[in-house]
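**Q** My questions concern the predicted model and sequence given below.
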Amino acid sequence: MPTFETVEELKQSFADSKQKYREIWVSYDENQHMCALINKNIGWVMYVSDDCEAGLCTRNMEYKGNFDDEIEYVLDNGQEDLYPVRWAIGVTEIYTALATFLESGVLDNSLTWIEDDR
């Protein structure tokens with residue numbers, strides 16, 4: 001799975017990618033991590049900390065579709081997972097969330113973050 005250490009590496013990855021499915025990890029330090037799962041031009045972001053039992057995930061508060069609709073994501077190890085469409089945000093928002101976290105260790109406050117309780 002790709003793990004990026006600089007915003008420039010992350011930016012280049014987003015510019016170069018032609019993959020339908022992507023799993024991206026960034027770490028601010030050894031205890032704080034962020035993962036994005038992407039399907040084409042949408043995806044969701046998860047924040048995890050070694051100090052917390054549950055992580056935080058993005059939510060799309062603008063989503064008006066069926067509450068139970070899901071999107072398929074494929075992890076780098078080939079595992080296929082389904083997650084709620086209502087979690088999905090655009091790739092530009094995903095990039096901004098990852099870059100903000102990578103630079104400063106803070107969550108992008110323009111996004112809605114919810115404790116991961118599914």
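**A** Received it, and whenever you're ready, just let me know what you need.
**Q** Quick one, grab the pLDDT at L75.
**A** Note for L75: predicted pLDDT of 94.
**Q** Quick one: distance of the top helix by length along the chain to the chain centre.
**A** As assigned by DSSP state H, the longest helix anywhere in the chain is helix 91-104. Here the centre of helix 91-104 is set off from its chain's centre by 9 Å, with C-alpha atoms, centre = their mean, to the nearest Å.
**Q** Sort out which residues of that helix are buried, please.
**A** Neighbour-count burial for helix 91-104 flags 91, 93-102 (criterion: 16 or more other C-beta atoms under 10 Å). For glycine as for every other residue, the C-beta is placed from the backbone atoms N, C-alpha and C.
**Q** And the next helix or strand past it?
**A** Remark: after helix 91-104, the chain's next helix or strand is strand 112-115, criterion DSSP states H and E.
**Q** hmm, who's touching that next one?
**A** Residues outside strand 112-115 that contact it (C-beta atoms under 8 Å, 6 or more residues apart in numbering): 47, 54-61, 107.
**Q** Output the residues you listed as TSV; include the columns secondary structure, distance to G78 and pLDDT.
**A** Formatted as TSV, the contacts of strand 112-115 follow (DSSP: H, G, I helix; E, B strand; the rest coil; distance: C-beta to C-beta, whole Å; pLDDT from 0 to 100):
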residue	secondary structure	distance to G78	pLDDT
Y47	strand	24	94
A54	coil	26	71
G55	coil	23	87
L56	strand	26	93
C57	strand	22	93
T58	strand	24	94
R59	strand	27	94
N60	coil	27	95
M61	coil	32	93
L107	coil	29	94
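**Q** if we can go back for a sec, and the longest helix of the chain, what's its mean pLDDT?
**A** The pLDDT scores in helix 91-104 average 95.
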